[in-house]
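1. Compute the structure for the input listed below.
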Amino acid sequence: MHICALYKDSTHRQPKTVEEMKPMSPRFTKRLISLKRILSAIVSLCLTFLLIAAPVLALNDGQQLILESWSLVNEGFLNPSRFDEIHWRRLRQQALEKQISTSDEAYAAIEEMLLPIGDPYTRLLRPDDYAAMKESNLGSEINGVGLQLGARTEDGEIVVIAPLEGSPAADAGVASGTILLSVNGESPKNLGLEATAARLRGETGSQVLVTLQAPNGEIDEIALERRSVDLRPVRTRRLRNESHTLGYLRITQFSEGVPEQVNEALQELSEKGIEGLILDLRNNSGGLVSSGLAVADIFLKGNAIVETRNRDGVKDSIPASLESLYDGPMVTLVNSGTASASEILAGALQDNDRSQLLGDRTFGKGLIQSLTNLSDGSGLAITVAGYLTPDGRDIQDFGIEPDRNLDKPEPLNPGGTEDRWLQDAELLMEANLDQDMLEETANNINEKKESELSID
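-> Below is the predicted model of the structure:
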């Protein structure tokens, strides 16, 4: 208002004396014109600001949620160069211009805004889905069919990373790498990762109809009955025969309490006098990266665990502590259901020559997501970093090739009495122990001979 008043006084005040009616000097006229231009520019800026600010001040809760989501992705997404390609700011404006009067309309606008990024792991988690994910990461029970899902980068297909042990999906023989073609008549590819997972969850006793394409191309439609599935992320037992005592440790996911459970399991096995360990990471689709790193720390002594790469291309190596809880002989089982945090662990064990990997090539998810609470109870997962093995190998879309591939078909009952891959791992572990024993015996004999020669 002060600017407008100044502009009016300087241009429209009526002259009162003859003196004031005299022509102004050219120099003064020039200054006055410049002043007018400056004041006009300031007024224009004021009006522009008011026009822009007015809609912002009037944003409803749904629109505020869109802005919150856009800002978080804008500040954290791993590949910011992608924003120019998809006109990221224009997508924000288009989302804000939609009719947003309900939470569902806001969620749909955010999902549509994120879709052009082309990263299935950067996604909105609606409140129920977000609560289910947090519950899963705590290692408790879930109600559903027990499918751990991933999105294939090249075509967006929703695929089975692994079925949970003891789940309806596992009982039905659903294999890793199976493509979900439909869930109750809806396309998982169109639904997206989180919405597909939500469709599979439900009340115990209810059924869901799924159409599946097996890795061999065979298509089948089956009805799965939902039930409560005990995640039990850490399972262990002792394996004994006439010559050796081995420990078996299976980790099915990296939830919050897993490192402590692994510590307890290894202490118990050590007290039972195990000579070697078989670590089973089959069908472990990942979970909390922090838990995976903590478990790697148990087996590695001062070695690098993983190398992360952020949006600025900066690489950061994460080392293990100088002490390890278990430093005995070990072999590790992996398969196409081994993904994300479990691939970090497998890659670290392989690159540091700490353990041979047996089985099949791993899934190939080398991206790390941050999980953020949004203001209304929903969540936002954002891909913020990629990771490489200690030797600099990129896991994304490539996976990790084991040191020894085991014979197909792959056993469908990991850890069971008919698990041929576990039997192969036992044989290899025993052969390694026998070889170590022979080498130790040969070294002792040589040392004894050298000692006798020096005495003579």
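
2. Helices of the stretch 101-250 of the chain, start to end?
-> Using DSSP state H, counting those that start in this stretch, the helices found in the stretch 101-250 of the chain span residues 103-114, 127-137, 168-171, 188-191, 193-200.

3. In TSV, list those along with mean pLDDT, mean neighbour count and distance to residue 206.
-> Where you see a C-beta, it was placed from the backbone N, CA and C, and this is true even at glycine. Listed next are the helices of the stretch 101-250 of the chain as TSV, based on pLDDT from 0 to 100; neighbours: other C-beta atoms under 10 Å; distance: least, C-beta to C-beta, whole Å:
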stretch	mean pLDDT	mean neighbour count	distance to residue 206
helix 103-114	96	19	22
helix 127-137	81	17	15
helix 168-171	91	21	11
helix 188-191	88	18	18
helix 193-200	85	20	11
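
4. what's the closest of those helices to residue 310?
-> Among the helices of the stretch 101-250 of the chain, helix 103-114 comes nearest to residue 310, with 20.0 Å by C-beta to C-beta.

5. Who are the packing partners of the closest one?
-> If contacts are counted by 3 or more C-beta pairs under 8 Å, 6 or more residues apart in numbering; DSSP states H and E, helix 103-114 sits against helix 61-76, helix 88-96, strand 123-125.

6. Tell me the buried residues in the longest one?
-> Of the residues in helix 61-76, those scored as buried under the neighbour-count criterion (16 or more other C-beta atoms under 10 Å) are 62, 63, 64, 65, 66, 68, 69, 70, 72, 73, 76.

7. Hmm, the last one is touching residue 384, no?
-> Just to be clear, that refers to residue 76. Yes. Between residue 76 and residue 384 a contact is recorded at 4.9 Å, counting by C-beta atoms under 8 Å.

8. what touches both of these two?
-> Common contacts of residue 76 and residue 384 (C-beta atoms under 8 Å, 6 or more residues apart in numbering): 311, 370.

9. can you pull out the strands in the stretch 301-450 of the chain?
-> Taking DSSP state E, counting those that start in this stretch, the strands of the stretch 301-450 of the chain run over residues 304-309, 315-319, 330-334, 356-359, 367-373, 379-388, 404-405.

10. which secondary structure elements does the fifth one contact?
-> What that stands for is strand 367-373. strand 379-388.

11. what angle do the strand it packs on and helix 61-76 make?
-> 10 degrees (axes from the mean of the first three to the mean of the last three C-alpha atoms, to 10 degrees).

12. centre of the chain versus strand 379-388, how much separation?
-> Strand 379-388 sits 6 Å away from the centroid of its parent chain (C-alpha atoms, centre = their mean, to the nearest Å).

13. Quick check: mean pLDDT of that strand?
-> Here strand 379-388 scores 95 as its mean pLDDT.

14. so what secondary structure elements neighbour it?
-> By 3+ C-beta pairs under 8 Å, 6+ apart, strand 379-388 packs against helix 61-76, strand 123-125, helix 127-137, strand 304-309, strand 367-373.

15. Just tell me which of these ends up closest to residue 92.
-> For the helices and strands packed on strand 379-388, the distance to residue 92 is smallest for helix 61-76, at 4.6 Å, taking C-beta to C-beta.

16. so for the closest one, what's the average pLDDT?
-> What helix 61-76 shows for mean pLDDT is 96.

17. Now do residue 101 against residue 62, distance only.
-> Relative to residue 62, residue 101 is positioned 7 Å away (C-beta to C-beta, to the nearest Å).

18. I meant residue 99, not that one.
-> Residue 99 is 10 Å from residue 62, where distance means C-beta to C-beta.

19. Any chance you could list residues touching both of the two?
-> Common neighbours of residue 99 and residue 62 (criterion: C-beta under 8 Å, 6+ apart): residue 105.

20. rewinding a little: of the helices of the stretch 101-250 of the chain, which is nearest residue 337?
-> Using C-beta to C-beta, the nearest of the helices of the stretch 101-250 of the chain to residue 337 is helix 168-171, at 11.0 Å.

21. Which strands or helices does that closest one pack on?
-> Here helix 168-171 touches strand 158-163, strand 219-225, going by 3+ C-beta pairs under 8 Å, 6+ apart.

22. cutoff 10 Å now
-> On a contact count with 3 or more C-beta pairs under 10 Å, 6 or more residues apart in numbering; DSSP states H and E, helix 168-171 meets strand 147-151, strand 158-163, strand 207-213, strand 219-225, strand 227-230.

23. and of those strands, who's closest to residue 427?
-> Nearest to residue 427, of these and by C-beta to C-beta, is strand 158-163 at 24.6 Å.

24. how much space between the closest residue to residue 201 other than its chain neighbours and residue 340?
-> Spatially, and ignoring its direct neighbours in sequence, residue 201 is nearest to residue 144 (4.1 Å; C-beta to C-beta, 6 or more residues apart in numbering). According to C-beta to C-beta, residue 144 and residue 340 sit 20 Å apart.

25. Next: residue 137.
-> Taken as C-beta to C-beta, the span from residue 137 to residue 340 is 13 Å.

26. And residue 235, by the same measure?
-> Distance from residue 235 to residue 340, counting by C-beta to C-beta: 20 Å.

27. All set, thanks.
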